[in-house]
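Chemist: Let's see this in three dimensions:
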Amino acid sequence: MSKKAAKKLPLDVILQGDCLAQLRALPDASVDLVFADPPY
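Modeler: Numbering: from 1, shown residues only. From the prediction side, this is the model:
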């Protein structure tokens with residue numbers, strides 16, 4: 001992903017919804033970590 005495209009994405013965002021649908025909506029190579037289903 002180019003630096004210009006990266007600047008358009010918000011940082012530190014929590015997305016709520018269907019995990020697979022949310023991930024498909026994101027650009028390729030734009031996610032560093034996915035934390036799903038915490039144990040509490």
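Chemist: If we ignore the residues flanking it in sequence, what's nearest the residue nearest to the spatial centre of the chain?
Modeler: Nearest to the geometric centre of the chain sits V31, at 5.0 Å (C-alpha atoms, centre = their mean). Closest residue to V31 apart from its sequence neighbours, by C-beta to C-beta, 6 or more residues apart in numbering: L23 at 7.2 Å. The way it works is simple: take the backbone N, C-alpha and C, and place the C-beta from them, glycine included.
Chemist: and the one you found, backbone torsions?
Modeler: Phi and psi for L23, reported as degrees, to the nearest 10, are phi -70, psi -40.
Chemist: Tell me where the chain is predicted with low confidence.
Modeler: By pLDDT under 70, the low-scoring segments of the chain are 1-7, 38, 40.
Chemist: in it, which spans are helices?
Modeler: 3-7, 19-24 (DSSP state H).
Chemist: Next, the buried residues of the longest one.
Modeler: Judged by neighbour count using 16 or more other C-beta atoms under 10 Å, helix 19-24 contains no buried positions.
Chemist: Distance from the chain centre to it, please.
Modeler: 8 Å (C-alpha atoms, centre = their mean, to the nearest Å).
Chemist: ok, and what's touching that helix?
Modeler: 15, 31, 34, 36 (C-beta atoms under 8 Å, 6 or more residues apart in numbering).
Chemist: nearest residue to the first one other than its sequence neighbours?
Modeler: Using C-beta to C-beta, 6+ apart and skipping residues adjacent in sequence, the residue nearest L15 is Q22, 4.7 Å away.
Chemist: now the third one
Modeler: Nearest residue to V34, sequence neighbours excluded (C-beta to C-beta, 6+ apart): L23, at 7.1 Å.
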